[in-house]
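Trainee: when you get a sec, could you give me coordinates for this:
(2 chains)
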Amino acid sequence: MGVLTTRQVVKRFAGLVAVDHVDLEVQEGEVRGIVGPNGAGKTTLFNLISGFYPVTSGRIEFLGKDITTTSAHRRAGLGIGRTFQATQLFSEMTVLENVATGRHTSTRNGAWAAVLRSRAFRRSLQRDRELAEEIIDFVGLRGTGSLLASSLPYGQQRLVEIARAIVNQPQLLLLDEPAAGMNLHEIEALNELIRKINETRINGTRVTILVVEHNMRVIMNISHRISVLDFGEKIAEGPPKEIQQNERVIAAYLGSTTGGNASLGSSTGLAAAGGSSGGGRAGA
Amino acid sequence: MRPRFTYGGELFLWRWLRLTMANRYVISPFAIITMLAALLLPLLLDPFGFLILFLDNILVFVLLTLGLQLILGYAGILNLGHAAFFGLGAYTSAILTKTLGVPFPLAFLASTLMGLLGGLLMCPIIRLRDVYFAMASFAFGIVAYVVFSEWRELTNGHIGIRAIPPARLAGIDFTSSLNFYYLVLPCVIVLYLVFRLLLISPFGTSLNAIRQSELAARSVGMHLAAIKVKTILIGAAAAGAAGSLITHLQGFVSPELFNWPQSITLVTMMVIGGIGSFPGAIIGTFAIQFMSEYLRFLVEYKMLIYGGVLVFFMIFLPKGIAGVVRALVVAALERRSAR
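Mentor: Okay, the predicted model is just below:
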């Protein structure tokens, strides 16, 4: 079954078309890479899927249900978790508290419950902490729970964000450039973590993951399929091997119109062409 | 900062300080001691003297600043129209008890509800961001003031409503400052306890969360508008209750007390006491009220002085007096644990 389907989704910002009639069909348990030069509309697409921006036109379905007009906080409750390109942590909270906020939609959080502090309420708080501890171990941050989130090195902060996004067991996880700012060692661990998350079964179904990433070492490694965006349009889609050979993709990354002769067989080659986070589009 | 220090055979004081700083108490021993001291304080004062009346007045304002602290310090909403809710509560109580002869407890509840309604009126502007919300709430306060001063049939305009009957509850008359003290103090204590429980709950967590990162808060499923609305409603209801109390304390109401300078004064109290701290809100209220009382001869320059104090604190002590105390305590604890 398709976990996520977008049909002819368009996002227009005052004349600029950021996402242009994009169709996606992501299957359960799939890791889908989203790549494209800077400004191709990848993050905007994420914001549409997670409900942070309303679509201009088109339709988004999650687990067969139309969520086009569902608000962001409800989508989180339905099981869509996400991280951000620029890390968004609660900087005055500890790692544990940060991760525990991920349980928000599953906790009794009314003002009355807080004042009355029933036993069920206190038990649910305790459960949140336990789950948060477990997930902190799972992402490889054991022992950091009581530290201020902002005191961790950058690469670890990214893991805290992932932990917060998965603590509530989402069926769809959106990772926006998870490897940005990580060193090679951390990237290896990240690849492993994404695979582990993907293999986790929640109510018998595997976690579906969408990854926007400039680092080709990551994207070619973990993705089952890759969708390529350029100027808001989807220009190619397929398994990593195919994408590496695709002429339109190579042309988009090199900014050439003839494109065909420049073959990028190896993943590192495409990474070099795409750049890790800098200018993706070489001057044409 | 959440410092952790080693255990050992230490004095209660140090242990209390340490656990308080680590936010381990629901109600800290210092809060309990302060409450007990406040309950016993009138025994030391002249029951007919000025000071106790002055304290009554300050405690009413503490109800206002605690509510505003929740809105401004925790949810991070710069509300420059808080005095409007205060006024709504005050006029509701005045009109109900004076013209309609409604007993005080009912009028008090009605005032709280009116404060809540005022909060609902503010809700349409909640989606505005930062400074835009501040401007809109400022205008909201001015509109409320115009209603208080111009709807003469109801409010008697600038002359105000006089000879309002004193508060009576269960046969006790709260005319004397001493009795009134024991009416307003329980209100303050209950509000403080309720806010404290709110803060350590997921609701409090979501307040902290939306202040620190709205994007992240949305991504974990927090409904920003709903949380902000709830916060404003709670603060506004507290302000409505404070309005009812000030009416019966003074025996009269006039619109000046609820004009925009009052809202700005309340924000000044927050900044001086410490934004994001309930004890800070209380400290700031006392500081400003004492200042305005003992600098009475400078009354024309009052707003100018507040402005100067505000700028001084924003630049040199952005965390207010509570922040300074906190930093000193943390430093002392660290020195001790280093030894």
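Trainee: where does the prediction get shaky in the stretch 1-150 of chain A?
Mentor: A:1, A:108-111, A:113-114 (pLDDT under 70).
Trainee: secondary structure element for the residue in the stretch 151-284 of chain A that chain B sits nearest to?
Mentor: Closest residue of the stretch 151-284 of chain A to chain B, Cβ to the nearest Cβ: residue A:164 (6.5 Å). Quick note: C-beta positions are derived from backbone N, CA and C, even for glycine. Counting by DSSP states H and E, the element that carries residue A:164 is helix A:154-166.
Trainee: end to end on stretch B:146-164, go ahead and measure it.
Mentor: Terminal residues of stretch B:146-164 lie 22 Å apart, using Cα to Cα, to the nearest Å.
Trainee: kindly report the same for stretch A:167-175.
Mentor: End-to-end distance of stretch A:167-175: 14 Å, with Cα to Cα as the criterion.
Trainee: how far off centre is that stretch?
Mentor: Distance of stretch A:167-175 from its chain centroid, counting by Cα atoms, centre = their mean, to the nearest Å, is 9 Å.
Trainee: quick revisit: tell me who's in contact with the closest residue to the residue of the stretch 151-284 of chain A closest to chain B other than its chain neighbours.
Mentor: Residue nearest to residue A:164 in three dimensions, not counting chain neighbours: residue A:102, with 4.1 Å by Cβ to Cβ, 6 or more residues apart in numbering or on different chains. Residues near residue A:102 by Cβ atoms under 8 Å, 6 or more residues apart in numbering or on different chains: A:81, A:132, A:135, A:163, A:164, A:165, A:166, A:167, A:168, B:220.
Trainee: any idea whether residue B:275 is helix, strand or coil?
Mentor: Under the three-state scheme (DSSP: H, G, I helix; E, B strand; the rest coil), residue B:275 adopts coil.
Trainee: residues near it, how many?
Mentor: Neighbourhood size, residue B:275 [other Cβ atoms under 10 Å in any protein chain shown]: 23.
Trainee: just give the nearest non-adjacent residue to it, would you?
Mentor: residue B:73 (4.6 Å).
Trainee: give me the neighbour count for the one you found.
Mentor: 25.
Trainee: and if you look at residue B:185?
Mentor: 19.
Trainee: next up, the contacts around it.
Mentor: B:38, B:39, B:59.
Trainee: nearest spatial neighbour of the second one, skipping sequence neighbours?
Mentor: So that's residue B:39. Nearest residue to residue B:39, sequence neighbours excluded (Cβ to Cβ, 6+ apart): residue B:185, at 6.8 Å.
Trainee: pretty sure residue B:95 sits against residue B:164.
Mentor: No. Assessed by Cβ atoms under 8 Å, residue B:95 is found out of contact with residue B:164, at 9.3 Å.
Trainee: what about these two, which has more around it?
Mentor: Ranked by neighbour count (other Cβ under 10 Å), residue B:95 and residue B:164 place residue B:164 first, with 23 against 20.
Trainee: which SS class is residue A:19?
Mentor: Taking three-state DSSP, the label given to residue A:19 is strand.
Trainee: who in the stretch 151-284 of chain A is up against chain B?
Mentor: A:161, A:164, A:165, A:168 (Cβ under 8 Å from any Cβ of the partner chain).
Trainee: by neighbours, which of these wins?
Mentor: The most neighbours of any of these, using other Cβ under 10 Å, belong to residue A:164, which has 32 neighbours.
Trainee: any idea how far that residue is from residue B:25?
Mentor: As for residue A:164, its distance to residue B:25 is 27 Å (criterion: Cβ to Cβ, to the nearest Å).
Trainee: contact distance from chain A - what residues of the stretch 51-200 of chain B qualify?
Mentor: B:194, B:197, B:198, B:200.
Trainee: 6 Å instead?
Mentor: By Cβ under 6 Å from any Cβ of the partner chain, the part of the stretch 51-200 of chain B that sits against chain A consists of B:194, B:197, B:198.
Trainee: quick one: mean pLDDT over the helix or strand containing the residue nearest to residue B:39.
Mentor: If you go by DSSP H and E, residue B:185 is part of helix B:177-199. Regarding helix B:177-199, the rounded mean pLDDT is 90.
Trainee: list the buried residues in that helix.
Mentor: By 16 or more other Cβ atoms under 10 Å in any protein chain shown, the buried positions in helix B:177-199 come out as B:177-181, B:183-185, B:187-189, B:191-192, B:194-199.
Trainee: quick check: the closest residue to residue B:108 other than its chain neighbours vs chain A, distance?
Mentor: Take residue B:108 and drop its neighbours on the chain: the residue closest to it by Cβ to Cβ, 6+ apart is residue B:244, 4.6 Å away. Look at residue B:244 and chain A: by Cβ to the nearest Cβ, to the nearest Å, they are 21 Å apart.
Trainee: could you give the angle of the helix or strand encompassing residue B:244 to helix B:177-199?
Mentor: Assigned by DSSP H and E, residue B:244 belongs to helix B:224-250. Angle, helix B:224-250 to helix B:177-199, by axes from the mean of the first three to the mean of the last three Cα atoms, to 10 degrees: 170 degrees.
Trainee: could you pull out the strands for the chain?
Mentor: Just so you know, I chose chain A. A:2-13, A:16-27, A:31-35, A:57-62, A:65-66, A:80-82, A:172-176, A:201-202, A:205-206, A:208-212, A:225-230, A:233-238 (DSSP state E).
Trainee: oops, chain B please
Mentor: B:168-169, B:172-173.
Trainee: relative to residue B:329, which of those strands is closest?
Mentor: strand B:168-169 (39.2 Å; Cβ to Cβ).
Trainee: partners of the closest one in the sheet?
Mentor: strand B:172-173 (antiparallel) (DSSP bridges).
Trainee: contacts only, for residue A:36.
Mentor: A:42, A:228, A:229, A:230 (Cβ atoms under 6 Å, 6 or more residues apart in numbering or on different chains).
Trainee: how about the nearest residue to the second one, chain neighbours excluded?
Mentor: Right, the one you point to is residue A:228. Nearest to residue A:228 is residue A:236, by Cβ to Cβ, 6+ apart, at 4.3 Å.
Trainee: contacting residues around residue A:140?
Mentor: Counted by Cβ under 6 Å, 6+ apart, residue A:140 has zero contacts.
Trainee: if I look at it, how far off is residue A:100?
Mentor: Residue A:140 is 18 Å from residue A:100, by Cβ to Cβ.
Trainee: in terms of pLDDT, where does the residue nearest to residue B:130 when sequence neighbours are not counted sit?
Mentor: Spatial nearest neighbour of residue B:130, excluding adjacent residues (Cβ to Cβ, 6+ apart): residue B:78 at 7.1 Å. Here, the pLDDT recorded for residue B:78 equals 89.
Trainee: tally of neighbours for residue B:78?
Mentor: 15.
Trainee: am I right that it is in contact with residue B:132?
Mentor: No. At 10.1 Å, residue B:78 and residue B:132 do not qualify as touching, with contact defined as Cβ atoms under 6 Å.
Trainee: okay then, goodbye and thanks.
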